[in-house]
Structure formats: C-alpha cells, structure tokens
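Q: Need coordinates for the below:
(one chain, ligands or ions: 1)
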Amino acid sequence: LGAAGVGVAWTVAAAPAVAAVVNLQDVVPAPASVQPASGVTFTLTAGTGIQSESTDVGDALAALLRPATGYPLPVTTGGGTPSSGIALLLSGADDSVGTEGYQLDVTASLLTIRAQTPAGLYHGVQTLRQLLPPTIEARTVQRGPWTVAGGRIIDRPRYAYRGAMLDVSRHFFGVDTVKRYIDEIAQYKLNVLHLHLSDDQGWRIAVDAWPRLATVGGSTQVGDGAGGYYTKAQYTDLVAYAAARHITIVPEIDMPGHTNAALTSYAELNCDGVAPAPYTGTEVGFSSLCVHKEVTYTFVQQVLDELAALTPGAYLHVGGDEAHSTSDTDYRTFMNRVQPYVGAAGKTVMGWHQIGQADHTAGRVAQFWGTGTSDADLGAAVAKGDKILLSPANKTYLDMKYTDATPLGLTWAGLIEVETAYGWDPGSYLPGVPAAAILGVEAPLWSETLRTLADIEFMAFPRMPALAELAWSPQSARDWDTFKVRLGAQGPRWTVQGINFYRSPQVPWG
Ligand code: TNX
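A: You can find the predicted model right below:
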C-alpha cells in the first residue's frame, strides 16, 4: 500500500472474506427433499434468540453457535412459534419426517426446525450447521455474516440403523477420543456407535464378577502399548454422552473366537486349564472359549448381564466371526446356549453374519461383513428371519487403505477410495435379500494399524460421511457427481474442526 504521507484517501478494498451462502441442497447426507426460495436469506444476529420445545436440543444448538458468532443466543423454552429468530418445535412437521426426520423452514425473519421427537430436531440442527459458513465450527469468535439460504427441507432417514464401529481392542482409545468420534459421527446423522470391546489383544470393559478381564486382559494391545479399559463409570459416561447426541452404543463381546485376552486372564476358562500368554500380534482365528466346560457359560452369562445393565440400547453384539478354532458343531452349541442369555437380560442379539449358523432369536440382527454378495451363513440368517446390517468389507471397512500409498490400514478386502465406498445401493446390494430385511448400514473401523485420534480421523474422513449418506438419504437423492462436490465443501469445515482427513484426489475440495 501507499507510503505514509501520500495524499490519497485509500478505500481499503481488502474485503472481508464473506463466504458464499451455502445452497440448501449442499448438505451431507443429502436431504430427502429440498425447495430453495430464491432471494430469501436468514441472518443470525447478536439479537437472535432460540426458542425450543426441547431444552436439550436448544442448548446443543446454542452451544454450537455461540463460540464462533460470539452472540448470546439465549434459549427459551416456551411453546408456539415466535415471530423472529430460531424456533425448534415438536409439532407441525410434515408427517413424512417420522421419528427421526425434521422439517427446516428458512424465511427472512424466522428459521424453524420442526420434528416429532428431539432426535429429529437434533438431526435438523446438524443440517443447519452445514448451512452456515464453515467458520461456524471455530471455537473462537469469527467474522460473519451468519447467513442461511431461504427455503424448505423435509428430511428423514432411509434406514433406522446408521452405524459406525470402533475397535477399541486392538488399540485402546480413551474416553476423550471416543467422545470426539461420537461428535464426528453425530454430524452426519449416524445413530449407533458399535464398540468392539474385546478381542485377542485386549479386554476393554470392567466386569465386577471377573475383575481380571480388565486388569489383566486390558493391559495389552497390538504392539507394546499399555492397553487400557473403561471403568463402569467411564463407560456409563460414554453411553450418556452418546445419548445426548441421539446415538446408541452397541457393545460387542466377541465370542467364542477372538477371546485370547479373556483366556489369558482366567486359566479356568481354557479347556486345558492353562492360561495362554497375552497376544499382541494381528493374526485372527486362533483362540476359542471352551465350549464343553460349564464355567464358560457362567462366565458368558455374568459378562452379558453386567453389560446389559450398562446398556440402555436394544442390542448386545456377541461377535461370532472367524471362530476358526471352534468346530461348526461346537459353534452352534455355544451360540444356541449363549443367545438366550441376551434375551433373558432384556436385549436383542446382534452378531457377525456367521451367527446365521445358530438358531434365530427374536429380532436378531446379522451383520454382513463379506467381500462378495452372497454367503451361505448370510443366506441362512435371512431364511431364519434375521434382519441384516450391511457392512460389506470391500465397501464399508474404514480400515482398508484408500490406495496402495495410504500409510495406514490393511488391504485384505481391497482398496477403498471414496467413490468405491459411496457407489452402491444398500437396498439392492445382496441378491436374494429382500429390501425389507435390511436394517441399515454400518462402517467398521478396525484398529490393528491405528494408534491415535489422527489415525482414526484419517481413515474415517471422508469415507464415514460418504457411508452416512447411504444410510440416511433416499437412493433417488444420491449421485456421485453431485455428492463429490457436496463432500468437497465439507473439507473447510473439517479443517476448522482440526479433523485430519484424507484429501482424496477424487474429490474437489472446497
Ligand atoms: C476381519 S470383520 C475381522 C477383524 C479384523 C478385520 C480387519 C470381522 C468380523 N473380523 O477381526 O480386525 O478383519 O480388517
């Protein structure tokens, strides 16, 4: 600029970097229906108030918006529709929104989210977040304006079960890391976090009746790290943290295989009465609970009872995958005896799709993790009346490398670039499985190669949001060419949030 003393009155054209207003349809996952109102916008100001019929969701919205705007955004709980500001209402939504959907209406003076439940309002808030500039995600005051495009969104999920799984066994992740992942999946309207709480390398949940599971079985992980486990208080805190974000935690105790950490903790659980050494490698399929010992069933029942008591959600996941050291007959004997413990504890059985070998139990869910599109155990599960949760490994496994050059992850199910993760229809993926049998989609993240939050984020972003769209959006709203642009626009949000993401060359990052 000009030197001091030059007699020119500069007009400083160094304009504030005013972000373009986000189009109403540029949301991930894609809403079911969008009607923009051209020329109309709503702008948050220092005087905006939030009137909410759900105190929790009103407070959650205010907590999201206050840091970056610096506005007070007072939350009031009166009913009815105010004439200006933001209103979160538990009535008046279009019937089609169902129990988890919402209707968002944006006019110049009033922004309303209507839903039938707090969960629906919460999902509407996640949409509103994405309609504001990316800097809304900052935790320090940023320059506005905080403008939202006008119009209407009517939205609802395609599937009731929209999940992510985190393997906290191969590498242990503490409460703060799990909470951060909960926050991340909540943004994309997932409603389940499945925690893989036990495996050969570590047992991660305290069990009062069998305390050495945590203190001995929890003291290892892949490699030479210290491992760890959740106390019951910590686990309860995680369950509540998730519930506040309308996410249910599904706990998994993997059995009868993947049990070396339990077997090393208690010699009596072994058929030969000898505890094996702890295991910190990454092989699978070498361990099994002792199917013909009575103590095995005392153990399993007590573990499941304590886990059920910690679990407000409907499901207990009993694993059942890769039981390569258990004969097929023993596998059925074991599962047919164990599954009723879940029902007796008031919960519904979930298992990896091999559980189709065992008897059906009421409401059972078989989680398909194959790399093909047909499988004998899957077929048996469907024939017996199980619901199917889709986690095909070659599409949804977030621990698979993106390309040969990805520094983290495995390759056994193939390389999964973003378009591969995105480009399939859960409704018609498995021939012979009726669309009505599909409960939903879950994206598992196994942690043999992952040690840190940054590692988790690098594998989950951008594929977790891509898979969230399969679980939420109607197939008719999905299209790779428009999705990749919407996804790219999420990049600046992740940058502001400090999320370590993979900058896939398939995506035009905003
Ligand atoms: C297979 S998927 C496993 C896990 C591994 C994963 C690694 C499944 C039910 N079992 O034990 O961690 O592959 O990708």
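
Q: going forward, measure contacts between C-alpha atoms and count neighbours the same way
A: Noted.

Q: In terms of helices and strands, where is Met350?
A: Using DSSP states H and E, the element containing Met350 is strand 348-352.

Q: and that strand, what other elements does it pack with?
A: strand 315-319, helix 328-344, strand 365-368 (3 or more C-alpha pairs under 8 Å, 6 or more residues apart in numbering; DSSP states H and E).

Q: Residues touching it, excluding its own?
A: Contact partners of strand 348-352, identified using C-alpha atoms under 8 Å, 6 or more residues apart in numbering, comprise 314-321, 339, 342-343, 361-369.

Q: Enumerate every residue touching Lys401.
A: Contact criterion C-alpha under 8 Å, 6+ apart gives Pro407, Leu408, Gly409, Leu410, Thr411, Gly414, Leu415, Ile416, Glu417, Met459 as the residues in contact with Lys401.

Q: For the chain, give me the ranges with low pLDDT.
A: Where the chain drops to pLDDT under 70, the residues are 1-19, 79.

Q: For Gly78, give its distance to the ligand.
A: Applying C-alpha to the nearest ligand atom, to the nearest Å, one obtains 48 Å for the distance of Gly78 from the ligand.

Q: swap in Tyr161?
A: When distance is defined by C-alpha to the nearest ligand atom, Tyr161 is 18 Å away from the ligand.

Q: So what does the most centrally placed residue in the chain have for phi and psi?
A: Centre of the chain computed as the mean C-alpha position; nearest residue by C-alpha atoms, centre = their mean is Ala164, 3.5 Å away. Taking degrees, to the nearest 10, you get phi -130, psi 150 for the backbone angles of Ala164.

Q: what's the neighbour count on the residue in the stretch 251-400 of the chain positioned nearest to the ligand?
A: The nearest approach of the stretch 251-400 of the chain to the ligand comes at Asp321, 4.9 Å away (C-alpha to the nearest ligand atom). Burial of Asp321 is recorded as 20 neighbouring residues (other C-alpha atoms under 10 Å).

Q: What of Cys290?
A: As a measure of burial, Cys290 has 22 neighbours, counting by other C-alpha under 10 Å.

Q: from what I can see it touches Phe299, true?
A: No: counting by C-alpha atoms under 8 Å, Phe299 is not a contact partner of Cys290; they are 10.9 Å apart.

Q: follow-up on the earlier one: once you drop chain neighbours, what's closest to the residue nearest to the centre of the chain?
A: Counting by C-alpha to C-alpha, 6 or more residues apart in numbering, the nearest residue to Ala164 once its immediate chain neighbours are dropped is Ala443, at 4.6 Å.

Q: The one you found is in contact with Ser391, isn't it?
A: Yes: judged on C-alpha under 8 Å, Ala443 makes contact with Ser391 at a distance of 6.1 Å.

Q: Name the residue in these two with the higher neighbour count.
A: Neighbours were counted for Ala443 and for Ser391 using other C-alpha under 10 Å; Ala443 has more, 30 against 25.

Q: Name every strand pairing with the helix or strand encompassing the more buried one and say which way it goes.
A: For Ala443, the enclosing helix or strand under DSSP H and E is strand 438-445. Partner strands and pairing direction for strand 438-445 (DSSP bridges) are strand 161-167 (parallel), strand 387-390 (parallel).

Q: Nearest approach to Ser109 belongs to which of those strands?
A: For the strands paired with strand 438-445, distance to Ser109 was read as C-alpha to C-alpha. The smallest value, 34.2 Å, belongs to strand 161-167.

Q: and for that closest one, what are the contacting residues?
A: Contacts of strand 161-167 (C-alpha under 8 Å, 6+ apart): 185, 189-197, 389, 439-447, 464, 468, 471-472.

Q: One more pass at 7 Å, please.
A: The contact list for strand 161-167, computed with C-alpha atoms under 7 Å, 6 or more residues apart in numbering, reads 190-196, 439-447, 468, 471.

Q: what comes up buried for that strand?
A: The neighbour-count check on strand 161-167 (16 or more other C-alpha atoms under 10 Å) flags Tyr161, Arg162, Gly163, Ala164, Met165, Leu166, Asp167 as buried.

Q: follow-up on the earlier one: contacting residues around the residue nearest to Ala164?
A: With C-alpha under 7 Å, 6+ apart as the criterion, the residues that contact Ala443 are Gly163, Ala164, Met165, Ser391, Thr396, Tyr397, Leu398, Met464, Leu467.

Q: any idea which of those residues is closest to Gly385?
A: Sorting those by distance to Gly385 puts Ser391 at the head of the list, at 18.4 Å, by C-alpha to C-alpha.

Q: hang on, isn't that closest one packed against Ile438?
A: No: counting by C-alpha atoms under 7 Å, Ser391 sits too far from Ile438 to count as a contact (11.1 Å).

Q: which stretch of helix or strand covers His194?
A: If you go by DSSP H and E, His194 is part of strand 192-196.

Q: Which other helices and strands does that strand contact?
A: strand 161-167, strand 248-255 (3 or more C-alpha pairs under 7 Å, 6 or more residues apart in numbering; DSSP states H and E).

Q: Okay, domains of this protein per the record?
A: As recorded under automatic domain parsing, the domains making up the chain are 33-155, 161-476.

Q: could you point out the longest strand in the protein?
A: Of all the elements of type strand in the chain, the one with the most residues (DSSP state E) is strand 33-44.

Q: How about that strand, which residues are buried there?
A: By 16+ other C-alpha under 10 Å, the buried positions in strand 33-44 come out as Val34, Pro36, Thr41, Phe42, Thr43, Leu44.

Q: Also stretch 402-412?
A: Under the neighbour-count criterion of 16+ other C-alpha under 10 Å, stretch 402-412 has Tyr402, Leu408, Gly409, Leu410 buried.
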